[in-house]
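Participant: model the structure of this input:
(2 chains)
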2 protein chains.
Amino acid sequence: MRLIAKLIDIGTREVMLNIEDSRNIGVLAGDRVQILNEARGVSVAAFVDTTTTIIPKGSIGVYRITNERMGLADGESVEVRIAERPVSLRHIRKKMDGEPLTKDETYEIIRGVVNEDLSPAELTAYITACYINDMNMDEIEHLTRAMVDTGERLTFHTHPIVDKHSIGGVPGNKISLLVVPIIAASGLKIPKTSSRAITGAGGTADLMEVLAPVEFSATDVQQMTLKVGGAIVWGGATNIAPADDKIILQEYPFRIDARGQMLASVMAKKFAVGADLVVIDIPVGARAKVTTVQEGRKLARDFIEIGDRLHIQVECALTYGDSPVGRAIGPNLEVREALRILDGSESPGSLMQKSVAIAGMALEMSGKAARGVGAQVAQDILKRGDAGKKFRQIIEIQGGDPDIRADDILPGSHEFVVNAPATGYVIEMNNQSLISLARTAGAPHDRGAGILLHAKKGSRVEKGQPIFTIYADRSWRLQRAIEEGRKLMPVLVEGMLLDRVPHESRWE
Amino acid sequence: MRLIAKLIDIGTREVMLNIEDSRNIGVLAGDRVQILNEARGVSVAAFVDTTTTIIPKGSIGVYRITNERMGLADGESVEVRIAERPVSLRHIRKKMDGEPLTKDETYEIIRGVVNEDLSPAELTAYITACYINDMNMDEIEHLTRAMVDTGERLTFHTHPIVDKHSIGGVPGNKISLLVVPIIAASGLKIPKTSSRAITGAGGTADLMEVLAPVEFSATDVQQMTLKVGGAIVWGGATNIAPADDKIILQEYPFRIDARGQMLASVMAKKFAVGADLVVIDIPVGARAKVTTVQEGRKLARDFIEIGDRLHIQVECALTYGDSPVGRAIGPNLEVREALRILDGSESPGSLMQKSVAIAGMALEMSGKAARGVGAQVAQDILKRGDAGKKFRQIIEIQGGDPDIRADDILPGSHEFVVNAPATGYVIEMNNQSLISLARTAGAPHDRGAGILLHAKKGSRVEKGQPIFTIYADRSWRLQRAIEEGRKLMPVLVEGMLLDRVPHESRWE
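Facilitator: Reported below is the predicted structural model:
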């Protein structure tokens, strides 16, 4: 039917119809209509929202994203028809029914995700179905390739290209800030795209942003890597594997990270940047994403198999994931800790050890180090200051200040020291609670917000000795974090009371 | 943080934040914020949409549904904070992980559905999880009770209250227009809530609307039933089991009708109207929802068990579902066919037989007829004209014209007769194709649109003899239906060519 367009400045791919017109066309809210702009010869599908009041009969509210492709003027007349149901809905239904999807079916769905032909609810149904009816290796390979082929790719003419990834879940895991410069300083190329925190206190991209801009196009990343050997950017600003971010966003409310989806997500990003060699860090711990070594080994084998199918050599490191890496959690605190090690500090040892171990694996895989001495070679690169110099080149090429000193990077001005309520050993450091506390204090948005641990798991503390400090950029955030800390008790000292009844429990 | 409210006249429960502010608050698009109107002491949660342009930093776009509870004026200052994640998301995740839900968890989710605390994507995840990880009987009972308890209920002081339901999928199934008046004419009470077509060519509510208004409150339905013994209304206008419509809407893109969901959906509506006795019509056929008698019996046992748990006596009829009921498909055509039988016609026999069989079961269950003679008693009520009189009372009390005659109800003025392309037996009547054709012709919105079958499955036709007529209210709709009919060929005659290659296939 013919309707008069009324432009609405809302950034979604929808149209709004009067309920009468929608019934006449034969669509319900959530259905799709096809809108024809005959003047320009354009036809666009859009989701229907219905109203009894805002849009009168005979008109159609056209939202901004819908009109980006239509180019309608306010008041123009358009033809609106019921749209064909996207064929990918049938594929999603097939997956719901427990059948594996073919390559073509997976590509159809992922194209629908990237073009936003699928609604968030439809994408969620796909994600839920893949979570419950786990994908087989063929499906994971197809999903990986579909994610890569629907986005941009980097192409390097020199090889090998190296990459690393951590599957996450452990607070304070700032090792990319050390691993990338070590590898680049060895003469290898490592174009590292990384994520911002979704549920964490700071993704690698959030950390790097303390030092330099992180939003670049795929071409920029390629250029910078060619020039200085590496870059650390936010993957979301490139158009590399764009389906992945949309999928992760829909997984987020349920805190799921389905095995097949995760394998494809990681490998798509490595494949798209042209990686030949990839090291994957799989933290294992009771409160990490992977809880047992057996499970970690199985996941490692899956990564290696997908790598083989894509002609990428993958090695995995199962790492200790039961407590934070290093002592700092939150952007500024973590960056300061990493810079200090690049500048020659040897503490915290756990952070340095883990970084050189991971970097060393890549050096061995590439032949830059003999088998068994990779970590030593990585440590030498670090100690000679080569990694530090390289990191400053990376900061500079990304537009940051290469002369920044660790001590220039300050934690938030509001702080609260938590002391040991009893003498004893630190028996528990709850990753999730520490992350939650850092986020309540403002991380990652407030860069100074976070937590600095003074004691680590297994260490002995005296009553009244500081066990950690909460930092915040804003006073009310600090207050909130203190309140939350009272409830969560992220660090437990053996012998301390867990609660006092009936009065409010509190720290001394 | 404090933001200035900018009211946006869009009917969803969202707010729009500048991306900078959303990061500052610590939320992503799709997350929830809590908005505090201190002046009125109101706090409301709303979903976040983000923008870089429409809403400047420091402002918050407040959509209409959000503001219905807030009562903000444009330009008012509000406090906006990150909202707690609804606990029902954890329950949905639990169901995704294959664990059955408790009563409390189910109630929490259904309250979230009714209050729109869950987004369409979150509801879809729940539906998908319940579809894949089928609910057990306890879960189905809890879901039924949760749907009932989150809506309005009817309470009658006389008993028994009767109800009937058809699980659908068969075109032309207008039997409620006959069953309800037969039962009411027997002296029983039957407050029938019914649906509009979602994927069909006309739900019972669409049909009844040809004769009288169908949008009433629960109280109205109760009053009308007390006065004349029955009513046929659209359930969507009442507030009876409101969660159900929202669930069905999200199932629609995938054309799923999960067993547990469907059992709960049907039984919730019966329970909420206070039914004591319920007859359920389960059409069985290769192209119906239930494809085998075994499957039909299993579903029947499930309905009976849920009924027992709710103290509702349920009996099920497995009926022939392989071709349409009667000869008419589409609102006006179906209503005319039903009225003619109420006025004394004995044709089509299949429609009359099915109606008296279903009505007869209810008469037997209630004791109005002895076991084995219910259908005969129902037929007598029909033949005496009592059902016809009762139907006219129902039409009148709902505000329609009780003196309407069958011949006053006209099919669409545009028609196209499809003749048999060969002599032979009608070997196939494809339910889905017939429904699709009727919808393309304009049904259910265009009341005159639909299909009238001249031959039925198994009957012999001569070449050139009419096999069906397509009706439409609008000429372009008819043209579209003719085109689609060429492709779908919903009726097949033994010996007819299915296609001619290479020229376009066509009817003669």
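
Participant: and stretch A:394-407, what's buried?
Facilitator: Judged by neighbour count (16 or more other CB atoms under 10 Å in any protein chain shown), stretch A:394-407 contains these buried residues: A:394, A:395, A:397, A:398, A:400, A:404. Quick note: C-beta positions are derived from backbone N, CA and C, even for glycine.

Participant: any idea how far the fourth one lies from residue A:389?
Facilitator: Note on residue A:398: its distance to residue A:389, by CB to CB, to the nearest Å, is 15 Å.

Participant: quick revisit: dump the buried residues of stretch A:394-407 to JSON lines, plus distance to chain B and pLDDT.
Facilitator: Below are the buried residues of stretch A:394-407 laid out as JSON lines (distance: CB to the nearest CB, whole Å; pLDDT from 0 to 100):
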{"residue": "A:394", "distance to chain B": "24", "pLDDT": "98"}
{"residue": "A:395", "distance to chain B": "22", "pLDDT": "98"}
{"residue": "A:397", "distance to chain B": "25", "pLDDT": "98"}
{"residue": "A:398", "distance to chain B": "20", "pLDDT": "98"}
{"residue": "A:400", "distance to chain B": "20", "pLDDT": "98"}
{"residue": "A:404", "distance to chain B": "23", "pLDDT": "96"}
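
Participant: and which of the residues you listed is nearest residue B:285?
Facilitator: Of all the buried residues of stretch A:394-407, residue B:285 sits closest to residue A:398, with 65.7 Å by CB to CB.

Participant: so chain A: which segments form each domain?
Facilitator: With domains defined by automatic domain parsing, chain A comprises A:2-82, A:88-133, A:162-239+A:266-397, A:414-493.

Participant: would JSON lines of those domains with distance to residue B:111 be doable?
Facilitator: Formatted as JSON lines, the domains of chain A follow (distance: least, CB to CB, whole Å):
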{"stretch": "domain A:2-82", "distance to residue B:111": "22"}
{"stretch": "domain A:88-133", "distance to residue B:111": "20"}
{"stretch": "domain A:162-239+A:266-397", "distance to residue B:111": "26"}
{"stretch": "domain A:414-493", "distance to residue B:111": "25"}
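
Participant: can you count the residues close to the residue in the stretch 251-400 of chain A that chain B sits nearest to?
Facilitator: Residue of the stretch 251-400 of chain A nearest chain B, by CB to the nearest CB: residue A:254 (4.8 Å). Per other CB atoms under 10 Å in any protein chain shown, the neighbour tally for residue A:254 reads 23.

Participant: list the contacts of it.
Facilitator: B:89, B:92, B:93, B:96, B:125 (CB atoms under 8 Å, 6 or more residues apart in numbering or on different chains).

Participant: so what pLDDT did it get?
Facilitator: According to the prediction, residue A:254 has pLDDT 86.

Participant: from residue A:189, how far off is residue A:183?
Facilitator: 8 Å.

Participant: ok, these two, which is more surrounded?
Facilitator: Each of residue A:183 and residue A:189 has its neighbours counted (other CB under 10 Å); residue A:183 has more, 31 against 25.

Participant: wait, that one sits on residue A:358?
Facilitator: No. Here residue A:183 does not reach residue A:358: they are 9.3 Å apart, not a contact under CB atoms under 8 Å.

Participant: hmm, back to that, for the contacts of residue A:254, give me a markdown table that also has distance to chain A and secondary structure.
Facilitator: Shown next, in a markdown table, are the contacts of residue A:254 (distance: CB to the nearest CB, whole Å; DSSP: H, G, I helix; E, B strand; the rest coil):
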| residue | distance to chain A | secondary structure |
| --- | --- | --- |
| B:89 | 5 | helix |
| B:92 | 7 | helix |
| B:93 | 5 | helix |
| B:96 | 6 | helix |
| B:125 | 5 | helix |
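
Participant: ok so, going back, what do residue A:183 and residue A:189 both touch?
Facilitator: In contact with both residue A:183 and residue A:189: A:162, A:229, A:230, using CB under 8 Å, 6+ apart.

Participant: within reach of chain B, which of those are there?
Facilitator: Near chain B, taking CB under 8 Å from any CB of the partner chain as the test, no member of these is found.

Participant: mutual contacts of residue A:183 and residue A:358, please.
Facilitator: Common contact partners of residue A:183 and residue A:358 (CB under 8 Å, 6+ apart): residue A:164.

Participant: so what are the sheet partners of the lowest-mean-pLDDT helix or strand in chain A and their directions?
Facilitator: Ranked by mean pLDDT, DSSP states H and E, the weakest helix or strand in chain A is strand A:491-493, scoring a mean of 83. Strand pairing for strand A:491-493, using DSSP bridges, gives strand A:424-429 (antiparallel).

Participant: just the CA trace of the strand it pairs with, in PDB.
Facilitator: The C-alpha coordinates for strand A:424-429 follow below in PDB (Å, rounded to 0.1, in the frame of the first residue of the first chain):
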ATOM      1  CA  GLY A 424      46.800 -15.700  58.800                       C
ATOM      2  CA  TYR A 425      47.200 -16.800  55.300                       C
ATOM      3  CA  VAL A 426      45.300 -15.300  52.300                       C
ATOM      4  CA  ILE A 427      43.200 -18.300  51.300                       C
ATOM      5  CA  GLU A 428      40.900 -16.900  48.700                       C
ATOM      6  CA  MET A 429      41.000 -14.200  46.000                       C
END
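
Participant: mean confidence (pLDDT) on that strand, please.
Facilitator: 86.

Participant: other SSEs contacting whichever helix or strand comes after it?
Facilitator: Downstream of strand A:424-429, the next assigned helix or strand under DSSP states H and E is helix A:431-440. With contacts taken as 3 or more CB pairs under 8 Å, 6 or more residues apart in numbering or on different chains; DSSP states H and E, helix A:431-440 sits against strand A:328-329, strand A:450-453, helix A:475-488.

Participant: residues of the last one that come out buried?
Facilitator: Residues of helix A:475-488 classed as buried under the neighbour-count rule (16+ other CB under 10 Å) are A:477, A:478, A:480, A:481, A:482, A:484, A:485, A:488.

Participant: output the shared contacts of residue A:183 and residue A:189 as a markdown table; include the columns neighbour count, pLDDT and secondary structure.
Facilitator: Shown next, in a markdown table, are the shared contacts of residue A:183 and residue A:189 (neighbours: other CB atoms under 10 Å in any protein chain shown; pLDDT from 0 to 100; DSSP: H, G, I helix; E, B strand; the rest coil):
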| residue | neighbour count | pLDDT | secondary structure |
| --- | --- | --- | --- |
| A:162 | 29 | 98 | strand |
| A:229 | 23 | 97 | coil |
| A:230 | 26 | 97 | strand |
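
Participant: and of those residues, the nearest to residue A:14?
Facilitator: Residue A:14 has its nearest neighbour among those in residue A:230, at 41.8 Å by CB to CB.

Participant: list the contacts of the closest one.
Facilitator: Contacts of residue A:230 by CB under 8 Å, 6+ apart are A:180, A:181, A:183, A:184, A:189, A:190, A:191, A:192, A:224, A:390, A:394.

Participant: could you list which of the residues you listed belong to strands?
Facilitator: Counting by DSSP state E, these place A:190, A:191, A:192 in strands.

Participant: keep those, but drop any that are not near chain B.
Facilitator: Near chain B, by the rule CB under 8 Å from any CB, you find none of those.

Participant: can I get these in a markdown table including neighbour count?
Facilitator: Below are those laid out as a markdown table (neighbours: other CB atoms under 10 Å in any protein chain shown):
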| residue | neighbour count |
| --- | --- |
| A:190 | 27 |
| A:191 | 28 |
| A:192 | 28 |
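
Participant: rebuild the residues you listed as TSV, extending it with pLDDT and distance to residue B:382.
Facilitator: Formatted as TSV, the ones in strands among the contacts of residue A:230 follow (pLDDT from 0 to 100; distance: CB to CB, whole Å):
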residue	pLDDT	distance to residue B:382
A:190	98	82
A:191	97	79
A:192	97	78
